[in-house]
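Enquirer: model this:
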Amino acid sequence: MSSGETIVATSPKEDEEYLVAFTQAMISSVPLVLKAVMQLGILELLSESSAQLSPTQITSRLAIKNPDAAVTIDRMLRCLASYAFLSCTLAQDKAGRPERLYGVGPRSKYLVTDQGKNMVQWLIFILDKVSLSGWFHLKDAVIKGEGDPFKLANGASVYDYSGIDPEFNHSFNIAMKCASTQYMGKIMESYQGFENARTVVDVGGGIGECLKLILSKHPHLRGKNFDLPYVVKEGLSYPGLEHVAGSFADDPIPKGDALLVKWQFHGFGDEFGLQLLKKCCAALPVSGKVVVIDPISPEYPGTDLVTRTTFTSDMIMLGMTPGGKDRTLKEIEVMARAAGFGAMKVACRAFNMWVLELYKTS
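Expert: Numbering: from 1, shown residues only. Take a look at the predicted model:
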């Protein structure tokens, strides 16, 4: 009897309901396998190959000496192929035995593109053992309320920990750079909000990747990248770009007629967000504005891809940041008005990131 003739004791509806629940119990294996495949160089090898490769060919080209590696790699790759990260063709080897050949799949586009424009470093950072450690304390954070999960696991918030662990800090900065390149690249294709500005200040701008993109499109601008000393120490060098070391909590924000606040609100609690906006308001002229780039949570938990991604992002904030969360438009508007802003405008959306403009006057 072939597999196609097998008597199935469960209905399609039962299969979907039970197996989806069953898969969720094991879903963590998929991104972890994907991370290992990238770190081994397999995904890059497949992307550069003109033909699909067998696991034996992969181990040979990567000079892996372990005699059992091909079998292990085959098991890993067939799993990723079932999630469309890879393509797969069933063939036969020289002995007539079934053999799978692998290539890149439709979901690998952003995992094999040019360095600095892909999600590789973001995935590696999110799946770092330090980043993951907080999830084992989520229950304690809910019950005891004595800190966010990351801090309970590591003794410091993710931002303070970055200051004492150079390797983690480097991984964090590179992940932010790669993600920024992708989002800001799409936003700058259509957003014209910096055309009439003279000085743009990126508040918490990391190593300056976003300002570099803005200045490349608007060379008349002067850019100031404001972030912590150990962050701007790794800052990019670019014409018109100045790095300013400082702390949100202790130092005034450099003055400019346009302030970029990207991925800051969702990384902190309401009190911090309000104080940050007040400082932004003080750094602006009357005609100035703040450009906010953040995920925006809908009021209703729909099942569309943008909504699901936003709520998943919110869980990362829950697990890794001190009070961070993805807010609704209303929540941001209330905070902005409390900080002294008179009007808010929705400018555009790229993927799951929204661009909002806050003005001092109505």
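
Enquirer: all strands in the stretch 101-250 of the chain, in order from the N-terminus.
Expert: With DSSP state E, counting those that start in this stretch, the ranges of strands along the stretch 101-250 of the chain come out as 199-203, 222-227, 241-245.

Enquirer: mind checking these for the one nearest to residue 323?
Expert: Taking CB to CB, strand 199-203 is the member of the strands of the stretch 101-250 of the chain nearest to residue 323, at 18.0 Å. In this view, the C-beta of every residue, glycine as well, is placed from N, C-alpha and C.

Enquirer: mind listing what's buried in the closest one?
Expert: Applying a neighbour-count criterion of 16 or more other CB atoms under 10 Å, the buried positions in strand 199-203 are 199-203.

Enquirer: try stretch 88-106
Expert: 88, 99-105.

Enquirer: relative to residue 124, how far out is residue 81?
Expert: Relative to residue 124, residue 81 is positioned 21 Å away (criterion: CB to CB, to the nearest Å).

Enquirer: please apply the same query to residue 245.
Expert: Residue 245 is 27 Å from residue 124, by CB to CB.

Enquirer: same question for residue 317.
Expert: Residue 317 is 19 Å from residue 124, by CB to CB.

Enquirer: cool, residue 152 as well?
Expert: 23 Å.

Enquirer: try residue 89
Expert: Taking CB to CB, one finds residue 89 at 29 Å from residue 124.

Enquirer: again with residue 32
Expert: 11 Å.

Enquirer: neighbour count winner among these two?
Expert: residue 124 (17 against 12; other CB atoms under 10 Å).

Enquirer: confidence score at residue 173?
Expert: pLDDT for residue 173: 84.

Enquirer: for it, give me its contacts.
Expert: 206-207, 231, 234 (CB atoms under 8 Å, 6 or more residues apart in numbering).

Enquirer: which of these are buried?
Expert: 206-207, 231, 234.

Enquirer: may I have the beta-bridge partners of the nearest residue to residue 343 once chain neighbours are set aside?
Expert: Leaving out its chain neighbours, the residue that sits closest to residue 343 by CB to CB, 6 or more residues apart in numbering is residue 359, at 4.5 Å. With DSSP bridges as the criterion, residue 359 is bridged to residue 289, residue 343.

Enquirer: give me the neighbour count for residue 359.
Expert: The burial count for residue 359: 17, using other CB under 10 Å.

Enquirer: surely it touches residue 289?
Expert: Yes: with contact defined as CB atoms under 8 Å, residue 359 reaches residue 289; the gap is 5.1 Å.

Enquirer: pLDDT weak spots in the stretch 151-300 of the chain?
Expert: Applying pLDDT under 70 to the stretch 151-300 of the chain flags no residue at all.

Enquirer: ranges for the helices of it?
Expert: 158-164, 166-190, 209-217, 229-232, 270-283 (DSSP state H, counting those that start in this stretch).

Enquirer: check which helices and strands the third one sits against.
Expert: Under the contact criterion of 3 or more CB pairs under 8 Å, 6 or more residues apart in numbering; DSSP states H and E, the helices and strands touching helix 209-217 comprise helix 166-190, strand 199-203, strand 222-227, strand 241-245, strand 258-262.

Enquirer: can I get those in TSV including distance to residue 270?
Expert: Formatted as TSV, those follow (distance: least, CB to CB, whole Å):
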stretch	distance to residue 270
helix 166-190	23
strand 199-203	17
strand 222-227	22
strand 241-245	26
strand 258-262	15
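
Enquirer: residue 347: which of these is closest?
Expert: Of all the helices and strands packed on helix 209-217, helix 166-190 comes closest under CB to CB, at 8.9 Å.

Enquirer: keeping just the C-alphas, turn stretch 290-297 into PDB.
Expert: Listed next in PDB are the C-alpha coordinates belonging to stretch 290-297 (Å, rounded to 0.1, in the frame of the first residue of the first chain):
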ATOM      1  CA  VAL A 290       9.600  64.800  15.200                       C
ATOM      2  CA  VAL A 291       9.500  61.900  12.700                       C
ATOM      3  CA  VAL A 292       8.600  58.700  14.600                       C
ATOM      4  CA  ILE A 293       9.200  55.300  13.000                       C
ATOM      5  CA  ASP A 294       7.700  52.500  15.000                       C
ATOM      6  CA  PRO A 295       5.400  49.500  14.700                       C
ATOM      7  CA  ILE A 296       1.800  50.500  15.400                       C
ATOM      8  CA  SER A 297      -0.500  48.000  17.100                       C
END
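
Enquirer: next, the buried residues of it.
Expert: For stretch 290-297, by 16+ other CB under 10 Å, it's 290-297.

Enquirer: what sits up against that stretch?
Expert: Taking CB under 8 Å, 6+ apart as the rule, stretch 290-297 contacts 183-184, 187, 193-194, 258-266, 277, 280-281, 284, 309-311, 313-314, 325-329, 332, 341, 347, 352-358.

Enquirer: which of those are buried, as a ChimeraX select command?
Expert: Of these, the buried ones can be selected in ChimeraX as follows, counting by 16+ other CB under 10 Å:
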select :183,184,187,193,194,258,259,260,261,262,263,264,265,266,277,280,281,284,310,311,313,314,325,326,327,332,341,347,352,353,354,355,356,357,358
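
Enquirer: ok, which stretches of the stretch 1-150 of the chain are helices?
Expert: 12-24, 29-39, 42-48, 55-61, 69-82, 120-126, 129-133, 138-144, 149-154.

Enquirer: hmm, who's touching the last one?
Expert: Residues from elsewhere that reach helix 149-154, judged by CB under 8 Å, 6+ apart: 130-131, 133-138, 140-141, 146, 157-158, 161, 318-322.

Enquirer: of those residues, buried ones?
Expert: Looking at these with 16+ other CB under 10 Å, the buried ones turn out to be 130-131, 133-135, 137-138, 141, 157-158, 161, 318-322.
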